[in-house]
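> The following comprises the amino acid sequence and a computationally predicted model.
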Amino acid sequence: MKQAFAFLIALIALTLAAPALAKEGIDKFDTAIVVARNGDITVTETLDVTVEGDQIRHGIQRDLPRYYESQGDNLPYAYHVLRVELDGRPVHYKTSRKGNAYRIRIGDADELVPAGAHRYVISYEVKDQVRHFDRYDEVYWNATGNFWTFPISAARATITLPPGAHVTQTSAYVGSLGSSSKDGVSYKQSGDDSVFVTTRELAAGEGLTVAVGFEKGLISPPSATEEGRIWWQRNGALIILVLTVIGLF
């Protein structure tokens, strides 16, 4: 009887002493979007994650949208990955295109990420991401993506405009892809920075999208070369098809 009682006490002590399992997912998703005067943006994403070996084993994959809508057409984003790091060191990654996703797969299939807290940093450039309207220009960006299969506890997105910008309007949307809900996010202006912070956890499949409108004249309109690139994106496939049909391609 005494031995059984002692065993029970020891078992309870071990249970109380064992650390509680952490919830696997993204603890903080911080996105910094720096806008250049030529309309390009540089995006740096800092993800603080908790790894438990459940869904995050060899690494993570960041799915960016492959196309954006412009004047009724779906045009491909022009991405250029600058750096990818894990815990302050360069880490193996590769890019691919799958459906509507431009995928950055981070990690090595032969290595497991140890359980615990880790930090991923993903930095990339995107060409021509200032949208030009009649009365204002705008930067509109899905700051976290909506393809994560685990929650994001907190997210922040900062859009930094060139000096001299006059912000005229801002918007932020939280929820599943295409959501128009503005609940669950706060906003503040700090110099050239427009800062958006979530006020609730984002469930799997939910994301944060932000937009900042500002007076025209700050961002240079697309150059002739850039206009030519966009024109070819709109019409190139049709031209190739026609030339193929008539036997000139």
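That came through, no problem.
> Checking the residue nearest in space to the middle of the chain next. Helix, strand or coil?
Among the residues of the chain, the one closest to the centroid is T144, at 3.7 Å (CA atoms, centre = their mean). Put simply, T144 is coil when judged by DSSP: H, G, I helix; E, B strand; the rest coil.
> For it, which residues are in contact?
Neighbouring residues of T144 by CB atoms under 8 Å, 6 or more residues apart in numbering: F29, T31, I152, A155, A157, L202, G207, L208. The C-beta positions use only the backbone N, C-alpha and C, and glycine is treated the same way.
> what do you get for V185?
A172, Y173, V174, F196, V197, T198, T199, L208.
> Could I get the buried residue list for the strand or helix carrying the fourth one?
Pointing back at F196 there. Using DSSP states H and E, F196 maps to strand 193-198. Residues of strand 193-198 classed as buried: S194, V195, F196, V197, T198 (neighbour count, 16 or more other CB atoms under 10 Å).
> Also stretch 166-181?
Those would be T170, S171, A172, Y173, V174, G175, for stretch 166-181 by 16+ other CB under 10 Å.
> Any idea how far apart the tips of it sit?
25 Å (CA to CA, to the nearest Å).
> Next: stretch 76-89.
30 Å.
> Any buried residues in it, and which?
Y79, V81, V84, E85, L86.
> Between those, which sits nearest N100?
Nearest to N100 among these is Y79, at 13.6 Å by CB to CB.
> pLDDT score for the closest one?
For Y79, the model assigns a pLDDT of 97.
> Please look at V43 and V121 and confirm they touch.
No: counting by CB atoms under 8 Å, V43 stays clear of V121, with 11.2 Å between them.
> More neighbours: which of those two?
V43 (20 against 17; other CB atoms under 10 Å).
> ok, the more buried one - contacts?
T31, A32, I33, V34, S123, Y124, E125, V126, W141.
> In helices, which of these appear?
Of those, none are assigned to helices by DSSP state H.
> Filter those residues down to the ones in strands?
T31, A32, I33, V34, S123, Y124, E125, V126, W141 (DSSP state E).
> Any chance of the residues you listed in a markdown table with pLDDT, neighbour count and distance to G217 as columns?
Below are the ones in strands among the contacts of V43 laid out as a markdown table (pLDDT from 0 to 100; neighbours: other CB atoms under 10 Å; distance: CB to CB, whole Å):
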| residue | pLDDT | neighbour count | distance to G217 |
| --- | --- | --- | --- |
| T31 | 98 | 23 | 26 |
| A32 | 98 | 17 | 24 |
| I33 | 98 | 23 | 20 |
| V34 | 98 | 17 | 19 |
| S123 | 98 | 16 | 28 |
| Y124 | 98 | 21 | 27 |
| E125 | 98 | 16 | 23 |
| V126 | 97 | 19 | 22 |
| W141 | 97 | 21 | 21 |
